[in-house]
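> sequence plus predicted model, see below.
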Amino acid sequence: MTPLVFVRFFPKAGQEARVEQILRAMVQYTRQEPGCRRYDLFESKSEAGGRTFCLLERYADAVAQQAHRETAHYKDYRANIMALLGQPIEISLLDPLDER
């Protein structure tokens with residue numbers, strides 16, 4: 001199994017709802033992919049009210065992960081979300097040390 005992928009999105013002010021909409025659509029489509037083992041969306045709110053969206057992703061193997069990046073919904077998401085963000089997407093690959 002591939003590492004857990006932790007992704008953070010930082011919307012520009014006023015673009016939070018649109019970013020959430022795009023990410024929710026990705027959840028719907030990605031969970032249907034045969035190699036998807038986990039695809040969960042979370043949000044974090046700062047004390048000032050700013051919203052950050054986080055995805056936890058896991059795929060059965062590297063082939064499934066690459067297949068995800070080649071889907072129409074992935075390409076559409078990448079084409080539409082970038083202009084809505086105030087900073088680049090942060091991606092971390094997490095290797096399990098003690099996972100249940």
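Now that the structure is in, tell me what you want to look at.

> rest of the way, CA atoms for contacts and neighbours
Noted.

> dump stretch 50-62 to CSV, restricted to CA.
The C-alpha trace of stretch 50-62 is given here as CSV (Å, rounded to 0.1, in the frame of the first residue of the first chain):
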residue,chain,number,x,y,z
GLY,A,50,-9.8,31.6,7.6
ARG,A,51,-10.5,28.1,6.3
THR,A,52,-8.0,25.5,5.3
PHE,A,53,-9.1,22.3,3.6
CYS,A,54,-7.2,19.0,4.1
LEU,A,55,-7.4,15.7,2.3
LEU,A,56,-6.2,12.3,3.5
GLU,A,57,-5.7,10.0,0.6
ARG,A,58,-4.5,6.4,0.3
TYR,A,59,-4.3,4.1,-2.7
ALA,A,60,-3.8,0.4,-3.0
ASP,A,61,-0.5,0.8,-4.9
ALA,A,62,1.5,3.2,-7.0
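
> quick one: buried residues of it?
Residues of stretch 50-62 classed as buried by neighbour count (16 or more other C-alpha atoms under 10 Å): R51, T52, F53, C54, L55, L56, E57, R58, Y59.

> so what's the residue count around S46?
Counted with other C-alpha atoms under 10 Å, the neighbours of S46 add up to 8.

> D61 touches P34, doesn't it?
No. D61 is beyond contact range of P34, at 10.9 Å (criterion: C-alpha atoms under 8 Å).

> secondary structure class for the spatially most central residue of the chain?
Residue closest to the average C-alpha location in the chain (C-alpha atoms, centre = their mean): L55, at 4.0 Å. Look at L55: counting by DSSP: H, G, I helix; E, B strand; the rest coil, its state is strand.

> having no further points to raise, I will conclude here.
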